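1. Please work out how this folds:
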Amino acid sequence: MDDTRLLVKRAKEKDLSAFEELVRIHQNRVYTLGLHLSGNREDAQDLAQEAFIRAYRALDSFRNEADFSTWLHRITVNVWLNLRRKKVKQQMSLDEPYRSEDGSEIQHEVASENDDPLWVLEQKELRDLVKVALMRLSDEHRMVLVLREIEGYSYDEISRVLGCTLGTVKSRLSRAREIMRRRMTELARENGEKLPVD
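-> You can find the predicted model right below:
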């Protein structure tokens, strides 16, 4: 934490190497958050890049009252919301390969320590159902669910990232979980699959 504060202080004094170090420290979490919000790698990369650009431009407004990563995640969420408003919603196939930087197509593969092909298939199908259900949530429900269940933020941290009250966070999270369960069940029925029981 003290290192981050020192890096922020140096970055505010226009020390570019200090800001580059902040990017290096936080880039994976910002990218992962972007990936969970946007649902695809290309948008997540654009989102992370734009978030860091905006963070650099707004660095003077950061007062060290909040945790730097919380402030950065709030910027990322705001950038995503702005991009969502501008971008026409596109549908993509979960089976669609993604393009690497050299232009070649790469199929998504699931690594597993379990050699049982049926188990691997079931896990892939479950992940696909989760992804589809998550992408069908409203923006506010997806954000709160991603921040809590995937990013591991506390209720207080989510409240600061989203700029809303603790009660609103709890209410949205409860509603998001309920909708997610219902969507997962509907998708499983549509695909003739059974969801694992906890």
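2. Show me where the chain has its helices.
-> Assigned by DSSP state H, the helices in the chain fall at 2-12, 16-38, 41-57, 68-86, 117-135, 139-145, 155-162, 166-190.
3. which other residues reach the first one?
-> The contact list for helix 2-12, computed with Cβ atoms under 8 Å, 6 or more residues apart in numbering, reads 18-19, 21-22, 25, 56, 59-60, 62, 64, 68-69. In short, each C-beta sits where N, CA and C put it, glycine included.
4. what does stretch 157-166 contact?
-> 66-67, 70, 73-74, 77, 143-144, 147-148, 153, 155-156, 168-169, 173.
5. Just among the residues you listed, which is most surrounded?
-> V144 (28 neighbours; other Cβ atoms under 10 Å).
6. The nearest residue to that residue once chain neighbours are set aside and R24, how far apart?
-> The shortest distance from V144 to any non-neighbouring residue, by Cβ to Cβ, 6 or more residues apart in numbering, is to R172 (4.5 Å). Distance of R172 to R24, computed by Cβ to Cβ, to the nearest Å: 32 Å.
7. Likewise for R74?
-> From R74 to R24 the distance is 20 Å (Cβ to Cβ).
8. ditto for V146
-> Distance, V146 to R24, by Cβ to Cβ: 23 Å.
9. Show me this structure divided up by domain.
-> Domain ranges of the chain: 2-86, 112-190, per automatic domain parsing.
10. where does the chain have low pLDDT?
-> Within the chain, the segments meeting pLDDT under 70 span 1-2, 85-123, 192-198.
11. Now do the same contact list for the residue nearest to the spatial centre of the chain.
-> In the chain, the C-alpha nearest the mean C-alpha coordinate belongs to L33, at 2.3 Å (Cα atoms, centre = their mean). Applying Cβ under 8 Å, 6+ apart to L33 gives the contacts 73, 76-77, 146-147, 151.
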